[in-house]
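> whatever this is, show me its structure:
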Amino acid sequence: METIIVVGHGSPKKEANNVNIIGRLLHDAIHPGCNGACVKVAYLQFAEPDIMGTIKACVAEGATRIIVHPFFLSSGMHVTKDIPEMIEQARSQYPTVEFVYTEPLGTHDKLVQIMIDRISEVRFATPDDIETRSFEIIGEELEAGEVPDEQAPIVKRVIHSTADFELAKTLVFSPDAVKTGLEAIRGGKNILTDIEMVKTGINKRLLARWGGKVICGIDDEEVVKISRQTGKTRASVALEKALSDAVGIIVIGNAPTALLKAIEILAGAPAEGTSPLVIGVPVGFVKALESKVLLSAQKFPFITNLSRKGGTPVAVAIVNALLKMAGE
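Model (predicted):
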């Protein structure tokens, strides 16, 4: 049995003794899915476990070949003298075990790339810098022509919030969705959310410019009372109760029942005036995808995603993208 020992220097500062992270990454890279202790970590000084103790543990577990890698940058005294002496001592104690000693990290062209990455990170020190660079990366990784120009700011912001490029393929827009959403915001219409968390995430500063407000009635006493009396979910009752409050955008990030209620109301409404934009992206395994498939078949304006994924971050990202677009 072969075992690898990654040897770090060790530090009196406890937080600095984190070579175990490197050991875990190495193990995942060379033995994906393995639950064995094929890679161990040891420290030369100041921290535990020490090298000799770790070698002893490896032998006790049946190791017949032990590879010792000095996680050091250069071949100083520790690498050329101290650690080799310990290995020689181990060879004497365990003559049937083969010991292999590798070169340290040393000079390697891949280290140059790490240096470049570290230097580049300094350029992105502020939140605005990080957001700008994040959107550049998203733009670079999206396939050319994958998203229509009108929808691109929304799709990119959703990916920015979730780091999930799959959403670019599953987001579905009705033909008039973006236009309806922008007109609602610029017209001072309110935004109705199914839960408080979605309400909290929406950028009120950007919305205030146009006069609209974000409303959510899920904790309203009357809503709670009706919910108990009827057995309906609070999100569903709150949505039904608030729809008449100059609502221009309905945002469902959590409750499929609320989305189904919105579809029921809007699909049965007379075709007069402009219907609100429905952003329906609930997440989960029960009725979430079914409710979104139903939404995607409607004639009124909608934005949804046809997968189990979604939730508050996606809902909030769509609304905030529309708010930014409205101000441009």
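
> and the residue minimising distance to the centre of the chain, how far is that from Ile226?
The chain has Thr162 as the residue nearest its centroid, 4.5 Å off, counting by CA atoms, centre = their mean. Note on Thr162: its distance to Ile226, by CB to CB, to the nearest Å, is 34 Å. Any C-beta I mention is one placed from the backbone N, CA and C, and that applies to glycine too.

> ditto for His9
Distance of His9 to Ile226, computed by CB to CB: 66 Å.

> and Phe46, by the same measure?
For Phe46 relative to Ile226 (CB to CB), the value is 65 Å.

> between those two, which is the more surrounded one?
Neighbour totals were compared for Phe46 and Ile226, and Ile226 leads with 18 against 15 (other CB atoms under 10 Å).

> where does the more buried one sit, in terms of helix or strand?
helix 221-230 (DSSP states H and E).

> mean confidence score for that helix?
The average pLDDT for helix 221-230 rounds to 87.

> give me the buried stretch members for the helix or strand that that helix is followed by, please.
Using DSSP H and E, the next helix or strand after helix 221-230 towards the C-terminus is helix 234-242. Residues of helix 234-242 classed as buried: 234-240, 242 (neighbour count, 16 or more other CB atoms under 10 Å).

> kindly report the same for stretch 24-44.
Using 16+ other CB under 10 Å as the test for burial, stretch 24-44 gives 26-27, 38-44.

> can you list those residues in CSV and add pLDDT?
Putting these into CSV (pLDDT from 0 to 100) gives the following:
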residue, pLDDT
Leu26, 95
His27, 95
Cys38, 92
Val39, 96
Lys40, 96
Val41, 96
Ala42, 96
Tyr43, 97
Leu44, 95
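
> just the ones in strands from those residues, please.
Judged by DSSP state E, strands contain the following of those: 39-43.

> Lys110: which of the residues you listed is nearest?
Val39 (19.3 Å; CB to CB).

> ok, now how distant is that closest one from Glu183?
For Val39, the distance to Glu183 equals 59 Å [CB to CB].

> ok, now Glu88?
79 Å.

> comparing these two, which shows the higher neighbour count?
Counted by other CB under 10 Å, Glu88 and Glu183 do not tie: Glu183 has more neighbours, with 16 against 12.

> quick check: the more buried one is in a helix.
Yes: secondary structure of Glu183 (DSSP: H, G, I helix; E, B strand; the rest coil): part of a helix.

> so it makes contact with Thr274?
Yes: using CB atoms under 8 Å, Glu183 is in contact with Thr274, at 7.3 Å.

> now do the lowest-mean-pLDDT helix or strand in the chain against helix 221-230, angle only.
Least confident helix or strand of the chain, by mean pLDDT, DSSP states H and E, is helix 234-242 with a mean of 79. Angle, helix 234-242 to helix 221-230, by axes from the mean of the first three to the mean of the last three CA atoms, to 10 degrees: 120 degrees.

> what's helix 234-242 in contact with?
192, 194-195, 215-220, 222-224, 226-227, 230, 250, 252, 254-255, 257-258, 260-262, 265 (CB atoms under 8 Å, 6 or more residues apart in numbering).

> again, only using 6 Å
192, 194, 215, 217-218, 223, 226-227, 255, 257-258, 261-262 (CB atoms under 6 Å, 6 or more residues apart in numbering).

> that one: what's the following helix or strand?
strand 247-252.

> after that following strand, next one along is what?
Taking DSSP H and E, what comes next after strand 247-252 is helix 256-267.

> in the stretch 101-250 of the chain, which spans are strands?
171-173, 190-193, 214-215, 247-252 (DSSP state E, counting those that start in this stretch).

> who touches the last one?
Right, the one you point to is strand 247-252. By CB under 6 Å, 6+ apart, strand 247-252 touches 181, 184, 189-194, 198, 258-259, 262, 276-280, 282, 315, 319.

> list the buried residues for it?
247-252.

> ok, now the second one?
Buried residues in strand 190-193, counting neighbours by 16+ other CB under 10 Å, are found at 190-193.

> and those residues, which is closest to Pro84?
Thr193 (65.0 Å).

> quick check, nearest of the ones in strands among the buried residues of stretch 24-44 to Arg308?
So of those, ranked by how close each gets to Arg308 (CB to CB), first place is Val39, at 35.2 Å.

> which intervals of the stretch 201-328 of the chain have sub-threshold pLDDT?
Within the stretch 201-328 of the chain, the stretches with pLDDT under 70 are 270-273.

> the stretch 101-250 of the chain: helices as residue ranges?
Counting by DSSP state H, counting those that start in this stretch, one finds helices in the stretch 101-250 of the chain at the ranges 109-122, 127-141, 152-162, 167-170, 177-186, 196-201, 204-208, 221-230, 234-242.
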